[in-house]
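Peer 1: Have a look at this fold, sequence not included:
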């Protein structure tokens, strides 16, 4: 009987060794595994700051050139200044400039020496008053016609400011102590005009009595008003303390009504506060005047009449 080939011990051992040799000689060497490296850190994103826009510098405003304003030549009088105050004269046009002098509230013969300048809505004019030169607000000047003494000008200023302020106590102190004061709605004085004493004047604004003051021009209807109503219509219907023209012993406003003041008050002095008109469509026919008639008694000037005037037909 034939033995199986693989059962020979020596032969089996040799074959095992041969197989091991061949396995070792034919194997492909493996590359060594790389050492793991820690991951590179992801860089934190850096915010690039947004540049702040630089504002363009604001250009300095170009100064508005001062306007030169023509002023009517001639002497001027101070108006609308309280009698315990003065009109300031400044080094240049405008209240920001220093005061270089003053003019009394009854000042006359103020000479305007050049063109005006508008500053903050007011027209300032260069002036010469006695030895004072500078600039004043033209709102406090009115063209002057004629002339009177300082005493008369001061008394007129006191009266017109009392009327403006409705200060009838002060007005009463300026009324003639003997004659009282006459009120006339138009410039022609009549025997029927109402006359009130100084004592009566003090409280008359509160009087509700309806008086007849004359007749309306044009219609002839009677003027029947309380003193308060008359005051608003025929005494201070416009701002007479700030007139365009002041007439010192001179007549400014002239209509169709006869002015007989000089006949009735031959020894009196009249000061007229005149406004030349308001609405251009009337071309000056809507002018107004208030005339203060003064008489002297023992060296003191007193009010004897308040005469309203306007254009009449």
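Peer 2: In hand now; what should we look at? If you're wondering where the values come from, they're calculated on a predicted model, not measured in any experiment.
Peer 1: confidence score at the residue most central in space within the chain?
Peer 2: Nearest to the mean C-alpha position of the chain, counting by CA atoms, centre = their mean, stands residue 121 at 6.5 Å. Note on residue 121: pLDDT of 95.
Peer 1: With residue 291 instead?
Peer 2: pLDDT recorded at residue 291 is 98.
Peer 1: Now do residue 149 against residue 252, distance only.
Peer 2: As judged by CB to CB, to the nearest Å, residue 149 and residue 252 stand 20 Å apart. Every residue, glycine included, has its C-beta placed from N, CA and C.
Peer 1: Tell me which of those two has more neighbours.
Peer 2: Neighbours were counted for residue 149 and for residue 252 using other CB atoms under 10 Å; residue 252 has more, 21 against 13.
Peer 1: any idea of the pLDDT on that one?
Peer 2: Here the pLDDT value assigned to residue 252 is 97.
Peer 1: which residues of the stretch 151-300 of the chain fall in helices?
Peer 2: For the stretch 151-300 of the chain, the helices defined by DSSP state H, counting those that start in this stretch occupy 168-173, 198-201, 227-230, 261-264.
Peer 1: and of those helices, who's closest to residue 241?
Peer 2: Ranking the helices of the stretch 151-300 of the chain by proximity to residue 241 (CB to CB) places helix 168-173 first, at 13.2 Å.
Peer 1: Residue 303 reaches residue 296, doesn't it?
Peer 2: No - shown here, residue 303 and residue 296 do not form a contact pair, counting by CB atoms under 8 Å, at 11.5 Å.
Peer 1: between those two, which one's more packed in?
Peer 2: The neighbour count for residue 303 versus residue 296, taken as other CB under 10 Å, is higher for residue 303 (26 against 15).
Peer 1: re the thing from before, out of the helices of the stretch 151-300 of the chain, nearest to residue 208?
Peer 2: With CB to CB as the criterion, residue 208 lies closest to helix 227-230 of the helices of the stretch 151-300 of the chain, at 8.2 Å.
Peer 1: same for the closest one, what does it pack against?
Peer 2: Helices and strands touching helix 227-230, by 3 or more CB pairs under 8 Å, 6 or more residues apart in numbering; DSSP states H and E, are strand 211-215.
Peer 1: List the buried residues of the strand it packs on.
Peer 2: Using 16 or more other CB atoms under 10 Å as the test for burial, strand 211-215 gives 211, 213, 214.
Peer 1: which one of those sits closest to residue 92?
Peer 2: If you rank the buried residues of strand 211-215 by distance to residue 92 using CB to CB, residue 213 comes first, at 48.9 Å.
Peer 1: Can you give me the end-to-end span of stretch 114-125?
Peer 2: One end of stretch 114-125 sits 7 Å from the other (CA to CA, to the nearest Å).
Peer 1: start at 6 instead
Peer 2: Yep, numbering from 6; the last one is stretch 119-130 now.
Peer 1: Tell me the buried residues in it?
Peer 2: Neighbour counts over stretch 119-130 (16+ other CB under 10 Å) mark 121, 122, 123, 124, 128, 129, 130 as buried.
Peer 1: repeat for stretch 101-114
Peer 2: For stretch 101-114, burial by neighbour count (16+ other CB under 10 Å) applies to 106, 107, 108, 109, 110, 111, 112, 113.
Peer 1: and if you look at stretch 160-177?
Peer 2: Of all the residues in stretch 160-177, those buried under the rule 16+ other CB under 10 Å are 160-168, 173, 175-177.
Peer 1: Give me the contacts around it.
Peer 2: With contact meaning CB atoms under 8 Å, 6 or more residues apart in numbering, stretch 160-177 is reached by 83, 85-88, 110-111, 153, 179, 203-204, 206-210, 236, 240-241, 244-246, 276, 278, 295, 297, 299, 306-308, 311.
Peer 1: change it to 6 Å
Peer 2: For stretch 160-177, the surrounding residues in contact (CB atoms under 6 Å, 6 or more residues apart in numbering) are 88, 110-111, 179, 203, 206-207, 210, 241, 246, 276, 297, 306, 308.
Peer 1: farthest-separated two in those residues?
Peer 2: Within those, two members stand farthest from each other by CB to CB: 111 and 210, at 25.9 Å.
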